[in-house]
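Asker: coords below, sequence missing:
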């Protein structure tokens, strides 16, 4: 499936919760499948791209990250559905962000880009759907931040979505996940080349490389390191441990330059800050009350080894929904050594769970 | 108990496994208890100090980190034993390290300090005991790197130690623990102010502050973050999530300047590299063969939430020893939200386990 990068400009300015106005904001998106079918929106992981499926050219080494969950005859069936994958507000892949030009100054926003919340990102998606004249979604689905967007969309706009698939997300950001985000933001801000956000955008910061390495510690499981880097080295008379140590470092630093090439520190900070605001209960007397705005069926997929969103958080959310509307929420657990990344790396299991669940929804 | 910092100079040069010679190396140490009693050596955590017990002055806010395990009438009884706590080779607290003056040049070694192994550190301890004319130890005990030192000492010098207490260590360094060490070393080396190890030693690197924050992610449990920074904030109509996020960051950054004040990047790299070489099986046909050099009774204490050394590693080690000499190894598990740090923060449980076990040893 060949796909292309598209953009549109919102016809109205977008006003954040904090009161900042973004004039003429751009949305970068991809579109897959039947243009006349019911619409599915696919959200993406926090600092990931919105290249969810297909290839830009036949020669691309790999397709988008949920290809196989999305595709002809797949659960998110491109023969049947119109599937939209938008880069989030503040994202690094073409939607309005600190990398964009501020029309008032002609310069990039940089650190002057306004702080945004996860609700802002979701309201921005709704504004994008308005611009596309799409009123109602068949489904909103996504991994990680995309899962938070799906759940928040269903809470803010319950009349606009019929079902939600949330993989490795939850009803509010977890404490250790927040701490890891602060760690990353602190690393960027403390980098001597950060210069208060006015760094040279062509040169990735040293801290950016540390963040990529951090992904491979917190967002995977310790068991993965053991299997790949320790148990794979047979005991030998000399140097087995040195080889294990070298493999551990090679794992951390593999493809570091490639991974950092598109990084923008201000976009990181904007996006991670937004994720940390995620709380379906915000503005309500109880968390439960905020959660119960979600009216539609929900599939909550967790990964057994996920440090950021252990399955506990999906169970907690499902219990709240099912206590009032029995059967509204379904939980499934992916088995993976890949921790949080399991929500994109274990496509077979995601495909199976979504494929089994979708036909059970009304 | 008032204690003082002491030093001695080894009478002989010390030659590393790699063939480098350290002339006139200094050892920083503390000594507690009965000067004529049987000798106990206490090893320290990787980048910790050797201030294991007592206070330097009555006005000190806190005593050494295993005070209560060590003390009058305590398991490591200062009324009975002579207790020595030496700063390890390469350490930041006064023993020969990259911070020391190279007698050949009159300048600090800095990045020219030779690479050392964990076996070098343990052979250095043996050389220190030679200089003190101590042939045999009643016990070698320690947390984290101190546990590795204790086990390696018992493997290299089985005729010199009668029992071992190893808390949150193991027979070889774990894969994810190695990776975290590489992460820290990579952060230091990539810091634009590192200057190939010739940084200004009076100014802690930005990367040093990231390492302290990393301690509070990998070496504690996610449950701790949940309890301290999420569950402690009651749901409120406004701002609960922002407060949780702020608490997560406050937890990470508390006392950062104090914690970094004594840090030395070259010492970090020297020490973390040494720990990564830890493998009791090095030089043997099988790991088991290397482990079985340990002849004495061993108490292996793990922490239930430790990411670096989950209890599995102590069980594995105990099984090897007990298969040949039933009852040689005893395992105990500390309950703690503090992860790897539980081996020093849960002194009550450590005290109990050591206090129960010591009388059972011959």
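Answerer: Nice, I can see it. Please read all numbers here as calculations on a predicted model, not as lab measurements.
Asker: CA atoms for contacts and neighbours, from now on please.
Answerer: Will do.
Asker: Quick check: what element follows the longest strand seen in chain A along the chain?
Answerer: Using DSSP state E, we find that the single longest strand of chain A is strand A:26-33. Next helix or strand after strand A:26-33 toward the C-terminus (DSSP states H and E): strand A:39-42.
Asker: what lines up beside that following strand in the sheet?
Answerer: Partners of strand A:39-42 in the sheet, by DSSP bridges, are strand A:82-86 (parallel), strand A:139-143 (parallel).
Asker: How far off centre is that strand?
Answerer: 14 Å (CA atoms, centre = their mean, to the nearest Å).
Asker: Rebuild the strands paired with strand A:39-42 as a markdown table, extending it with mean neighbour count and mean pLDDT.
Answerer: Converted to a markdown table, these look like this (neighbours: other CA atoms under 10 Å in any protein chain shown; pLDDT from 0 to 100):
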| stretch | mean neighbour count | mean pLDDT |
| --- | --- | --- |
| strand A:82-86 | 24 | 98 |
| strand A:139-143 | 27 | 98 |
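Asker: For residue A:254, which of these is the nearest?
Answerer: When the strands paired with strand A:39-42 are compared by CA to CA, strand A:139-143 sits nearest residue A:254, at 23.5 Å.
Asker: Pull the residues that contact that closest one.
Answerer: With contact meaning CA atoms under 8 Å, 6 or more residues apart in numbering or on different chains, strand A:139-143 is reached by A:39-45, A:147, A:149-150, A:153, A:161-169, A:343-344.
Asker: any weak-confidence spans in chain A?
Answerer: Residues of chain A that meet the criterion pLDDT under 70 lie in A:237.
Asker: Closest to the centroid, which residue in it?
Answerer: For chain A, residue A:45 is the residue whose C-alpha lies nearest the centre (CA atoms, centre = their mean; 1.5 Å).
Asker: Assess the claim that it and residue A:150 are in contact.
Answerer: No - under the criterion of CA atoms under 8 Å, residue A:45 makes no contact with residue A:150, lying 11.6 Å away.
Asker: So which bits of stretch A:246-258 are buried?
Answerer: A:246-249, A:251-253, A:256 (16 or more other CA atoms under 10 Å in any protein chain shown).
Asker: hey, where'd the strands end up in chain A?
Answerer: Along chain A, counting by DSSP E, strands occupy A:6-9, A:14-15, A:21-22, A:26-33, A:39-42, A:70-71, A:76-77, A:82-86, A:139-143, A:164-167, A:298-303, A:329-334.
Asker: hmm, who's touching the fifth one?
Answerer: Read that as strand A:39-42. Counting by CA under 8 Å, 6+ apart, A:52, A:76, A:81-86, A:134, A:136-142, A:146 sit against strand A:39-42.
Asker: switch the cut-off to 7 Å
Answerer: A:81-85, A:137-142 (CA atoms under 7 Å, 6 or more residues apart in numbering or on different chains).
Asker: Tell me the one of those residues nearest chain B?
Answerer: The shortest approach to chain B among those belongs to residue A:142, at 22.3 Å (CA to the nearest CA).
Asker: Which strand residues bridge that closest one?
Answerer: Per DSSP bridges, the residues bridged to residue A:142 are residue A:166.
Asker: related to what we said a few turns ago, chain B next: which of the buried residues of stretch A:246-258 are close?
Answerer: A:248-249 (CA under 7 Å from any CA of the partner chain).
Asker: Which of the buried residues of stretch A:246-258 sits closest to residue A:286?
Answerer: residue A:252 (41.2 Å).
Asker: What sits closest to the closest one if chain neighbours are left out?
Answerer: residue A:213 (5.1 Å; CA to CA, 6 or more residues apart in numbering or on different chains).
Asker: what's the one you found in contact with, if anything?
Answerer: Shown in contact with residue A:213 (CA under 7 Å, 6+ apart): A:252-253, B:183.
Asker: can you rerun that using 8 Å?
Answerer: With contact taken as CA under 8 Å, 6+ apart, residue A:213 is in contact with A:252-253, A:256, B:183.
Asker: From residue A:281, how far out is it?
Answerer: Distance, residue A:213 to residue A:281, using CA to CA, to the nearest Å: 33 Å.
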